[in-house]
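K.L.:
Below is the structure, and that's it, no one-letter string:
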């Protein structure tokens, strides 16, 4: 007896324990894989550029401070450049780990497409969940950092305003 609820031309692929995967599901994941890997590769490239820039800033800041090539700036004048280099290294970490999670997700999609096994589908979805969990955590950390920086900026502005000479009577 034919199943009246099955659309014509679409044969679901039955899997163990009564799970059913349709060609549409497989096509959707297959179509996602190149974009996931593209975004991951771009993230790795940005990570590499940030690392290079950070190390370059640290070296330049240290070199300029020791050689005295920066007129009017002593060793403390170059400290901000070195600190920016450190900040770039930290930001590179914020790009690396999500990129790695995306790469793992893309690899799991490739495994699933090759095997069509429910276990590989579950692994791909778990890798995706892991990426989105990390993305959510990084968003919360970013918001917290923005709030801290805004408070510091307002405090610095208030402190600077207090240092201004009062107007003459």
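P.N.:
That came in fine, so what should we check first? Remember, predicted model here, so these are calculated numbers, not experimental data. Numbers count the residues shown, from 1 in each chain.

K.L.:
okay, and for the chain, where does confidence drop off?
P.N.:
1-20, 65-78, 168-169 (pLDDT under 70).

K.L.:
show me where it has strands.
P.N.:
13-14, 20-21 (DSSP state E).

K.L.:
Just give the number of residues close to the nearest residue to residue 60 once chain neighbours are set aside.
P.N.:
Closest residue to residue 60 apart from its sequence neighbours, by C-beta to C-beta, 6 or more residues apart in numbering: residue 81 at 6.2 Å. (Each C-beta comes from the backbone N, C-alpha and C, glycine too.) Neighbours of residue 81 under the rule other C-beta atoms under 10 Å: 20.

K.L.:
and residue 81, what does it touch?
P.N.:
57, 58, 60, 61, 64 (C-beta atoms under 8 Å, 6 or more residues apart in numbering).

K.L.:
Closest one to residue 102 out of these, please.
P.N.:
residue 57 (27.2 Å; C-beta to C-beta).

K.L.:
so the closest one sits right up against residue 89, yeah?
P.N.:
No - look at residue 57 against residue 89 with C-beta atoms under 8 Å: they stay out of range, at 9.3 Å.

K.L.:
The two - which one has more neighbours?
P.N.:
residue 57 (21 against 16).

K.L.:
mind listing what's buried in stretch 88-104?
P.N.:
Within stretch 88-104, the residues scored as buried using 16 or more other C-beta atoms under 10 Å are 88-89, 91-92, 94-104.

K.L.:
for stretch 118-127, that is, sorry about that
P.N.:
120, 121, 123, 124, 127.

K.L.:
Among the contacts of residue 81, which are located in helices?
P.N.:
57, 58, 60, 61, 64 (DSSP state H).

K.L.:
Return the distance of residue 56 relative to residue 147.
P.N.:
Taking C-beta to C-beta, to the nearest Å as the measure, residue 56 falls 30 Å from residue 147.

K.L.:
Comparing the two, which residue is more hemmed in?
P.N.:
The neighbour comparison of residue 56 against residue 147 (other C-beta under 10 Å) goes to residue 56, with 13 against 10.
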